[in-house]
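Participant: Build me a structure from this.
(one chain, ligands or ions: 1)
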Amino acid sequence: MTLEGKKIIVGLTGGIACYKIPYLVRFLTGQGAEVRVIMTQAATEFITPLTLETVSGNPVATELFPDSKFISTRHIELAQWPDVIVVAPATANFMGKTASGISDDLLTTVICATARPVIIAPAMNPQMWLNKITRKNYTFLKEMGYLFIDPDEGDTACGDRGVGRMAEPDKIFKYVEAFLTKASKKKVLTGKKLLITAGPTRENLDPVRYLTNRSSGKMGYALAEAARELGADVTLISGPVALKPPTGARIIWVETTGEMYQAVKKEFPRFDWLVMAAAPADFTPSKKTGQKIKKERQPIKLEMTTTVDILKQMGAVKKKNQLLVGFALETENGLNNARKKLQAKNLDLIVLNDISDEGAGFEHDTNKVTLLCPGHKKAVTWPLMTKSDLAFKLLEFIANLS
Ligand code: CTP
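Facilitator: Alright, predicted model coming up:
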């Protein structure tokens with residue numbers, strides 16, 4: 001039972017998808033979770049509290065101030081009780097109220113009063129989903145840390161076609177299960193200080209153009225997020241990326257390889273591990289020009305010099321109690337090249353990405369890697385997995401090296 005001992009509040013707002021929620025509750029209780037249900041008045045128009053009381057095995061809460069018992073702090077008790085709150089189906093109205101801090105019924109009051117994670121599964125007419133105010137509320141709520149299981153595309157109850165149908169109960173269940181399983185991971189990195197780099201760097205050609213690479217930063221950000229969840233003290237040195245900063249990590253922004261080097265050099269002495277997941281640009285124009293290069297100047301020849309190899313520099317100054325982890329991105333002779341880098345940069349581990357593997361490397365949400373350590377004769381290859389799962393697995397692996 002994957003959810004044994006977990007406490008979950010399921011909140012229903014007024015939408016036809018309410019009829020699917022008993023299945024969700026059944027899935028959750030079937031894996032050992034204790035579920036308490038809160039329904040808005042509109043939700044009770046679609047399905048009776050009795051149905052949800054029966055499947056959850058707990059009384060259903062609908063009123064902020066129930067007639068029978070006056071419990072003025074009920075919303076606080078409910079807000080503090082669960083490990084997670086799942087709002088499904090969530091209407092545009094619920095999203096709008098939550099985004100504005102309006103708490104005019106039991107569910108929105110509990111949401112406002114809780115410090116627990118909230119997962120929202122919207123369901124609405126496609127036009128309502130596309131409505132600019134709904135889009136704005138969605139983006140804002142995400143920025144505020146609310147988690148979303150986006151609606152699916154298909155026919156909706158009102159006969160329209162488009163994105164708006166609530167994700168199916170089994171999909172919501174799997175998301176919640178994965179979320180809670182991850183959250184209960186042991187804090188194996190408590191007390192450890194991790195310096196992680198991520199993303200590409202940019203080398204300016206002139207004031208309007210730059211040279212960069214395809215790194216998205218996803219692997220480094222996944223590592224920072226996972227390390228935080230495992231209890232580490234994390235500093236992330238990031239090149240320019242379009243990703244949300246990981247919660248709880250200190251972040252240092254850099255642009256060029258030279259800036260990344262300066263930041264790493266300054267920070268590394270007080271860290272236990274350095275994980276270089278970044279893809280710093282290897283070349284920089286030999287001559288910097290303060291003016292835009294004009295196309296009339298033909299032919300255009302760019303002379304480049306190599307940038308500083310950050311890992312190599314850190315490998316030369318690393319102390320015995322510090323671990324150095326590098327990544328290698330190869331298009332051919334992967335193992336040989338990775339082995340050379342492991343040695344040349346004095347690393348404790350190198351993680352090889354072969355971009356010829358489908359789903360691996362830059363820009364993907366998944367990755368397939370091979371691990372090489374100085375002490376291990378044989379390389380270990382892991383199957384294709386999400387970068388988030390890989391981040392956890394990799395951190396556990398590194399923890400066992402020290
Ligand atoms: N790296 C670094 N400083 C650089 C370039 C790379 O610290 N200027 C780090 C990367 O973060 C990565 C490792 O070195 O962890 C290997 O990077 P990779 O691009 O695979 O190899 P390079 O050493 O740059 O060599 P090449 O590009 O010739 O394969």
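
Participant: who's Met369 bridged to?
Facilitator: Actually, residue 369 is Val. It isn't Met. Assessed by DSSP bridges, Val369 has beta-bridge partners Asn353.

Participant: any idea how far it is from Leu384?
Facilitator: 9 Å (CB to CB, to the nearest Å). Glycine gets a C-beta too; all of them are placed from N, C-alpha and C.

Participant: The two - which one has more neighbours?
Facilitator: Using other CB atoms under 10 Å as the criterion, Val369 and Leu384 rank with Val369 on top: 24 against 14.

Participant: hmm, back to that, where do the contact lists of Val369 and Leu384 overlap?
Facilitator: Ala360 (CB atoms under 8 Å, 6 or more residues apart in numbering).

Participant: Mind checking the pLDDT average for stretch 149-161?
Facilitator: The pLDDT scores in stretch 149-161 average 88.

Participant: ditto for stretch 167-183
Facilitator: pLDDT averaged over stretch 167-183 gives 92.

Participant: Around the ligand, which positions in this protein sit nearby?
Facilitator: 257, 276, 278-280, 282, 307, 309-311, 326-329, 341 (CB under 6 Å from any ligand atom).

Participant: Out of the residues you listed, list just those in strands.
Facilitator: 276, 326-329 (DSSP state E).

Participant: Now, of the residues of the chain next to the ligand, which are buried?
Facilitator: By neighbour count, with 16 or more other CB atoms under 10 Å, the residues of the chain next to the ligand hold 257, 276, 278-280, 307, 309-311, 326-329, 341 as buried.

Participant: for whichever residue of the stretch 101-250 of the chain sits closest to the ligand, helix, strand, or coil?
Facilitator: Nearest residue of the stretch 101-250 of the chain to the ligand, counting by CB to the nearest ligand atom: Thr197, 6.3 Å away. For Thr197, the assignment made with DSSP: H, G, I helix; E, B strand; the rest coil gives strand.

Participant: Contacts only, for it.
Facilitator: Contacts of Thr197 by CB under 8 Å, 6+ apart are 220, 236-239, 260, 264, 274-278, 280, 310.

Participant: in the sheet, who's paired with it?
Facilitator: Ile237, Met276.

Participant: Now do it against Leu335, distance only.
Facilitator: According to CB to CB, Thr197 stands 24 Å off from Leu335.

Participant: go on, Pro200?
Facilitator: With distances taken as CB to CB, Pro200 is found 25 Å from Leu335.

Participant: who has more neighbours, the two?
Facilitator: Shown here are Pro200 and Leu335; by other CB under 10 Å, Pro200 has more neighbours (23 against 15).

Participant: Now do the phi/psi pair for that one.
Facilitator: Backbone torsions for Pro200, taken as degrees, to the nearest 10, come to phi -90, psi 170.

Participant: With Thr109 instead?
Facilitator: According to degrees, to the nearest 10, Thr109 has phi -70, psi -40.

Participant: That one: neighbour count?
Facilitator: Here the number of neighbours of Thr109 (other CB under 10 Å) works out to 19.

Participant: do Lys171 as well
Facilitator: By other CB under 10 Å, the burial measure for Lys171, its neighbour count, is 14.

Participant: excluding its backbone neighbours, what's nearest it?
Facilitator: Ile149 (6.7 Å; CB to CB, 6 or more residues apart in numbering).

Participant: My understanding was that the one you found contacts Arg165; is that so?
Facilitator: No: Ile149 is beyond contact range of Arg165, at 11.7 Å (criterion: CB atoms under 8 Å).

Participant: so how far is Gly239 from the residue of the stretch 151-300 of the chain found nearest the ligand?
Facilitator: Per CB to the nearest ligand atom, Met276 is where the stretch 151-300 of the chain lies closest to the ligand, at 3.6 Å. In this structure, Met276 and Gly239 are 12 Å apart, going by CB to CB.

Participant: do the same with Asp233
Facilitator: 22 Å.

Participant: contacting residues for Leu194?
Facilitator: Taking CB under 8 Å, 6+ apart as the test, what Leu194 contacts is 224, 227, 232-235, 271-273, 275.

Participant: can you check Leu347 too?
Facilitator: 311, 315, 324-326, 341, 374.

Participant: Among these, which ones are in helices?
Facilitator: 311, 315, 341 (DSSP state H).

Participant: JSON lines for the residues you listed, including pLDDT?
Facilitator: Output for these, formatted as JSON lines (pLDDT from 0 to 100):
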{"residue": "Leu311", "pLDDT": "98"}
{"residue": "Gly315", "pLDDT": "97"}
{"residue": "Lys341", "pLDDT": "95"}
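
Participant: Export those residues as a markdown table, with columns for distance to Thr212.
Facilitator: Shown next, in a markdown table, are those (distance: CB to CB, whole Å):
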| residue | distance to Thr212 |
| --- | --- |
| Leu311 | 19 |
| Gly315 | 25 |
| Lys341 | 21 |
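
Participant: And stretch 389-402, what's buried?
Facilitator: Here stretch 389-402 shows 389-392, 394-395, 397-398 as buried, counting by 16+ other CB under 10 Å.
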